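Asker: pasting the structure only:
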């Protein structure tokens, strides 16, 4: 049975006070024990919910660096919610595409993070949420904005005539399935098993422009002629944004919390291999997904280490060093110290020749237990020394291991 969240009580002065008190304890068990004793007249289930809210607020703070005091949250809602950096970028993009004050129908608003960013940008936002509990949470989270929340099923919702664009973020996790060890839910990889399904979203796009937040692993067979842009935030690939009515354009957008402007790169190209040089360049994952590696290859006067692996190489030091210090950072830059066969003995011997405080093992196209390999080949830690990076990739006839140093500004 799904627990009914006491939104009215949690949002009350009493509820907010107890959430704040719970935030002051080191762990939820202690908080529950102490607060149930202190507030014996309050139903224990409400105390439990207040303690859960305190834990979720702390998670929100740790994950995105924003206070949770203005929000009521759920675990599943946080898993699917857009980072504020991404939500703000998408709101600006919708403004540029559909107008400064366009009417956006957020068909699957969840906790309301995307709707909040759009409303704060000046867009008119109508939110739809089929779960009554979540709709109430969204209404609380959006209480200080112009966004309106409607409790309804998106698949049955009658779209108003003045809607300019539909935004949809389909549920891509199964809340009913068994949880992982860390408490997170499992992703749903088949787009037609999302809620609403990709088929429904495609049908909807025949009537209205649609912008959809989709899984980064979505393939061309699902996208068809939809345009798609893969988005990374502070170096993490977080999502892809697909838009209907396009011509199958592909691209990548890199966002950074410390940069005023994103880096947007056109994709959909095939990058050529290049002879292995003294430099290894590991591209941002959004560039990889968007097939946008020509941006880097041209800049470093290089190419792929081989046609199967999305790592780049170059012998042009000056060109490679031009990547260092860029914000957003399009790639990690490594200097190749040694080129080796994938032999534990030889790698161990070579690693021992270099002082290092740690060893990071990266692989592409090979099946290796990186933790086990690291323990076998890295024997002597030198505190204060720069780390080493062992990059192993598929190559014919023999796989290749590159022992590298990371180059930073």
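Answerer: Yep, that arrived. As the structure is a prediction and not an experimental result, all values here were calculated from the model.
Asker: residues contacting residue 99?
Answerer: Neighbouring residues of residue 99 by C-beta atoms under 8 Å, 6 or more residues apart in numbering: residue 164. Where you see a C-beta, it was placed from the backbone N, CA and C, and this is true even at glycine.
Asker: what do you get for residue 404?
Answerer: 280, 334, 335, 336, 337, 388, 389, 390, 391.
Asker: Output the residues you listed in JSON lines; the columns should cover pLDDT and distance to residue 218.
Answerer: Output for these, formatted as JSON lines (pLDDT from 0 to 100; distance: C-beta to C-beta, whole Å):
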{"residue": "280", "pLDDT": "98", "distance to residue 218": "29"}
{"residue": "334", "pLDDT": "98", "distance to residue 218": "30"}
{"residue": "335", "pLDDT": "98", "distance to residue 218": "35"}
{"residue": "336", "pLDDT": "98", "distance to residue 218": "34"}
{"residue": "337", "pLDDT": "98", "distance to residue 218": "38"}
{"residue": "388", "pLDDT": "98", "distance to residue 218": "35"}
{"residue": "389", "pLDDT": "98", "distance to residue 218": "30"}
{"residue": "390", "pLDDT": "98", "distance to residue 218": "32"}
{"residue": "391", "pLDDT": "98", "distance to residue 218": "28"}
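Asker: Would you mind checking those for buried ones?
Answerer: Neighbour-count burial (16 or more other C-beta atoms under 10 Å) is assigned, among the contacts of residue 404, to 280, 334, 336, 337, 388, 389, 390, 391.
Asker: My read is that residue 132 contacts residue 151, right?
Answerer: Yes. Residue 132 lies in contact with residue 151 (C-beta atoms under 8 Å); the separation is 5.6 Å.
Asker: Which residue of these two possesses the greater neighbour count?
Answerer: residue 151 (16 against 13; other C-beta atoms under 10 Å).
Asker: so which strand or helix has the nearest residue to that one once chain neighbours are set aside?
Answerer: Residue nearest to residue 151 in three dimensions, not counting chain neighbours: residue 135, with 4.1 Å by C-beta to C-beta, 6 or more residues apart in numbering. In this structure, residue 135 is located in helix 132-141 according to DSSP states H and E.
Asker: returning to that earlier point: which one of the buried ones among the contacts of residue 404 sits closest to residue 355?
Answerer: Among the buried ones among the contacts of residue 404, residue 388 lies closest to residue 355 (C-beta to C-beta), at 9.0 Å.
Asker: longest strand of the chain?
Answerer: strand 331-341 (DSSP state E).
Asker: Before I go, just wanted to say thanks for your time.
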